[in-house]
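*Asks:* My questions are about this predicted structure, shown below with the sequence.
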Amino acid sequence: MNQTQELGALNSKHNPGKGFTYFAFFILILFSAISSFIYFGAILAVKEGKMNFSGDISILYWVIAFIMGLGIAILLLAIKQSKGKTFYLYERGIVTEGNGQSETQLFEDLDDLYLFSSGRTFLTNNIAFRTRKDGDWETITARYPKVFKAIDFITSQHEVGVAIFE
């Protein structure tokens, strides 16, 4: 019998949100459009003599470089923030995938469960769990979409697992 049959049905999958990455792509496209407008609308017009510019034209090149550098920096930050572990929540356990490795933790083996909040909220929007033999905490944070669904499911399954052993 394979591992997913032992874990039961898949309840949900949680990985870091991609919204900031999509926003960063939009910003990069917007900044590229602004830079091309500066180049084609101002720099080429000045060089062709269609427009007068009393300052040093190299400042416009620096503005283009700054805008494009800022757009690329935002995109790289978004890509870095979108990396993280993927959590598959099954009926009887959690499969964590990240960095080319996969780890399975059964709800009945979870010893510690820690709920906490982050940011400007009093709501519990993070969950951390571990088994004593591994000792490493796995955390599903607020940057994961549907984190509240994961928190509810993990706590309810952990309660069921604890009740079985009492």
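*Replies:* Nice, I can see it.

*Asks:* Tell me which helix or strand comes right after the helix or strand harbouring Ile38.
*Replies:* Per DSSP states H and E: Ile38 is located in helix 19-38. Once the chain leaves helix 19-38, the next helix or strand it forms, by DSSP H and E, is helix 44-47.

*Asks:* Could you tell me how far that following helix lies from the centre of the chain?
*Replies:* 43 Å (C-alpha atoms, centre = their mean, to the nearest Å).

*Asks:* what's in contact with that helix?
*Replies:* Outside helix 44-47, the residues that touch it by C-beta atoms under 8 Å, 6 or more residues apart in numbering are 51-53, 57. All C-beta spots, glycine's among them, are computed from the backbone N, C-alpha and C.

*Asks:* which parts of the longest helix along the chain are buried?
*Replies:* In the chain, with assignment by DSSP state H, the single longest helix is helix 58-81. Neighbour-count burial for helix 58-81, counted by 16 or more other C-beta atoms under 10 Å, picks out 60, 64, 67, 71, 74-75, 78.

*Asks:* Next, give me the two most distant ones among the residues you listed.
*Replies:* Largest separation among the buried residues of helix 58-81 by C-beta to C-beta: Leu60 and Ala78, giving 27.4 Å.

*Asks:* End to end on stretch 129-149, go ahead and measure it.
*Replies:* End-to-end span of stretch 129-149 (C-alpha to C-alpha, to the nearest Å): 15 Å.

*Asks:* so how far is that stretch from its chain's centroid?
*Replies:* On the basis of C-alpha atoms, centre = their mean, stretch 129-149 sits 14 Å off its chain's mean C-alpha point.

*Asks:* what pLDDT does the residue lying farthest from the centre of the chain get?
*Replies:* Most distant from the centre of the chain: Gly49, at 48.5 Å, with distances by C-alpha atoms, centre = their mean. At Gly49, the model reports a pLDDT of 84.

*Asks:* Nearest residue to Leu77 in space, please, no chain neighbours.
*Replies:* Spatially, and ignoring its direct neighbours in sequence, Leu77 is nearest to Ala24 (7.3 Å; C-beta to C-beta, 6 or more residues apart in numbering).

*Asks:* Would you map out the domains in this structure?
*Replies:* As recorded under the TED database, the domains making up the chain are 3-16+84-165, 18-82.

*Asks:* Would you single out the least confident of those?
*Replies:* Per-stretch mean pLDDT for these is lowest at domain 3-16+84-165 (a mean of 84).
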